[in-house]
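> dropping the sequence and predicted coords here.
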Amino acid sequence: MRFEPVSLLTARLVLRPSAPGDEAALAAGLGDRAVQRWLETVPHPYTLDHARDWVARSARERDAGFMQDFAITLADGGAVIGGIAFTPSRREPAAELGYWLARPHWGKGYGGEALARVVRHATEECTPRFTRLSARVAPDNIASRRMLARLGFVENGVSVDNGVERLRYER
Ligand SMILES: CC(C)(COP(=O)(O)OP(=O)(O)OC[C@H]1O[C@@H](n2cnc3c(N)ncnc32)[C@H](O)[C@@H]1OP(=O)(O)O)[C@@H](O)C(=O)NCCC(=O)NCCS
């Protein structure tokens, strides 16, 4: 299995493969502790080298079918404002979602807009189709929980990874 390097459009966003040239925006967004605190495996400090590695890894993992990753960009101007990815689980046809936006872009509905589009892609458009989607969210990440609930995800249990508790959301 491999994923195609597709781009997805929404009213205000273009979700496209991460590409060389994205590094500065990735490092600025993911280097922010306020973003990192909600994510599981982001190094600190997050450098341009980390961002370069991510861009290369994103293409490799897409080609290998391990992960489908998109840079979230503004349709108006093309700036990279975040990222969203899904990873097939061992229990296919299920996949787990992960996403982030740079702090200046929070609270404008971009997260829900990107997630809704990726959910549609994963469940209706891509090959293979994923009938079950999940996300793991810190209990106090209210914005992410609301976003998932609005898109029909429901809480289903708790997982503890490296001593950190996460709520599991599924749809
Ligand atoms: C989670 C995240 C992607 C949400 O994206 P966003 O575009 O800021 O979210 P939205 O503007 O679509 O808001 C989602 C909902 O949360 C609410 N919300 C937003 N910020 C909030 C806050 N600080 N406290 C409470 N509610 C909040 C919004 O009102 C909205 O609720 P509604 O749908 O009932 O109107 C973004 O905040 C982010 O990148 N956070 C850091 C990384 C992260 O948490 N990733 C997810 C890990 S599971």
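Structure received.
> enumerate the residues of the protein near the ligand.
Where proximity means Cβ under 6 Å from any ligand atom, the interface of the chain facing the ligand comprises 35, 38-39, 99-101, 106-112, 135, 137, 141-144, 146-147, 150. Using the backbone N, CA and C atoms, a C-beta is placed for each residue, glycine as well.
> now the residues you listed: which count as buried?
The neighbour-count test (16 or more other Cβ atoms under 10 Å) applied to the residues of the chain next to the ligand identifies 35, 99, 100, 101, 106, 110, 111, 112, 135, 137, 144, 147 as buried.
> in contact with the residue nearest to the fifth one when sequence neighbours are not counted: list those residues for me.
Translated: residue 106. Across the structure, with Cβ to Cβ, 6 or more residues apart in numbering as the measure, the residue nearest residue 106 apart from its sequence neighbours is residue 143 (6.9 Å). By Cβ atoms under 8 Å, 6 or more residues apart in numbering, the contact set of residue 143 is 106, 107, 111.
> in a strand, residue 114, correct?
No: assessed by DSSP: H, G, I helix; E, B strand; the rest coil, residue 114 does not belong to a strand; its assignment is helix.
> ok, now which ones touch it?
If a contact means Cβ under 8 Å, 6+ apart, then residue 114 has 10, 13, 15, 70, 72, 82, 84, 99 as its contacts.
> now, which of the residues you listed lie within strands?
Using DSSP state E, the members of the contacts of residue 114 that fall in strands are 13, 15, 70, 72, 82, 84, 99.
> across the sheet, point out what pairs with the fifth one.
With DSSP bridges applied, residue 82 shows beta-bridge pairing to residue 72, residue 101.
> distance of the residue in the chain that the ligand sits nearest to from residue 11?
Per Cβ to the nearest ligand atom, residue 111 is where the chain lies closest to the ligand, at 2.2 Å. Look at residue 111 and residue 11: by Cβ to Cβ, to the nearest Å, they are 14 Å apart.
> I figured residue 86 was touching residue 95, is that so?
Yes: Residue 86 lies in contact with residue 95 (Cβ atoms under 8 Å); the separation is 4.4 Å.
> list residues touching both of these two?
Here residue 86 and residue 95 share the contacting residues 122, 130, 133, scored by Cβ under 8 Å, 6+ apart.
> tell me, what's the model's pLDDT at the first one?
The pLDDT attached to residue 122 in the predicted structure is 97.
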